[in-house]
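**Student:** Starting from these lines, generate the structure:
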Amino acid sequence: MRDTFSKMDLSKHYIKLGCAPINWTNDDLPELGGELTFEQCISEMALAGFTGSEVGNKYPEDVKELARALDLRGMQICNQWFSCEFLIKPQEETLARFEELTDRLNTLGAKVVGVCDTSVTIQGDITKKCLMIHLSYQMTILIKLQLALIKWARLQRKKECKLVTIITWVQVFNHKKNLIN
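**Tutor:** Numbers count the residues shown, from 1 in each chain. Predicted coordinates for the structure are as follows:
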């Protein structure tokens, strides 16, 4: 075990530490860290003592190639971000993309997907205008998202995958609380 200068031995607690590649290169603004390679990112993660990584935009699509590069460094994939757009795209299209992603992650041994509905955000397109959504429309959005999440929960149970939902656009705390409940 690498000396981390800590008095706590995490190996006794079955704790593994993972890191997101956004600390090296940004998925939303690829020019931030654009000069860094996938190999440099995961090599530096491993040198820092991380054994897991979230999937980033520079990571190989090919599962075998990705697994080989990670194995070389004693690492594994722990999760991947998933942007969905239930509010502006057909639900079936999003669920099919989600199923494809969880199949890939299962092959890599990952059990977590970080999910955010980015329908009304500037995610991936900084030219979009931020929307101020009327409260009554927010409730419609919440209901639509809740129904989609129920379907997702059924899909993820089959694959033993944890779904972590990130809510970035709900403007009123009580509405966020309603969605979480």
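**Student:** List the residues that contact the residue nearest to Pro21 when sequence neighbours are not counted.
**Tutor:** Nearest residue to Pro21, sequence neighbours excluded (C-beta to C-beta, 6 or more residues apart in numbering): Gly56, at 3.2 Å. Bear in mind the C-beta positions are built from the backbone N, C-alpha and C, glycine included. Residues in contact with Gly56 (C-beta atoms under 8 Å, 6 or more residues apart in numbering) are Ala20, Pro21, Ile22, Trp24, Thr25, Asp27, Phe38, Cys41.
**Student:** For Cys84, see how far away Pro90 is.
**Tutor:** Separation of Pro90 from Cys84 (C-beta to C-beta, to the nearest Å): 11 Å.
**Student:** re earlier: from the contacts of Gly56, which one has the minimum pLDDT?
**Tutor:** Checking pLDDT across the contacts of Gly56, the minimum falls on Asp27 at 77.
**Student:** what number of residues lie near that residue?
**Tutor:** 19 (other C-beta atoms under 10 Å).
**Student:** do the same with the one 5 residues further on
**Tutor:** The burial count assigned to Leu32 is 13, neighbours taken as other C-beta under 10 Å.
**Student:** Give me the distance between it and Asn23.
**Tutor:** Applying C-beta to C-beta to Leu32 and Asn23 gives a distance of 11 Å.
**Student:** How about Cys41?
**Tutor:** With C-beta to C-beta as the criterion, Cys41 and Asn23 are 8 Å apart.
**Student:** same deal with Lys16?
**Tutor:** Taking C-beta to C-beta, one finds Lys16 at 17 Å from Asn23.
**Student:** rewinding a little: if we take the contacts of Gly56, which one ends up nearest to Asn79?
**Tutor:** Nearest to Asn79, judged by C-beta to C-beta, of the contacts of Gly56 is Ala20 at 8.7 Å.
**Student:** got the contact list for that closest one?
**Tutor:** Per C-beta under 8 Å, 6+ apart, neighbours of Ala20: Ser53, Glu54, Gly56.
**Student:** for this structure, longest strand please?
**Tutor:** Longest strand of the chain, by residue count under DSSP state E: strand 76-84.
**Student:** Contacts for that strand next, please.
**Tutor:** By C-beta under 8 Å, 6+ apart, the surrounding residues in contact with strand 76-84 are 16, 18, 27, 51-55, 66, 70, 94, 97-98, 101, 105, 108-119, 123-124, 148, 164.
**Student:** That strand pairs with which strands, and in what direction?
**Tutor:** Sheet pairing for strand 76-84, assigned by DSSP bridges, gives strand 52-55 (parallel), strand 112-117 (parallel).
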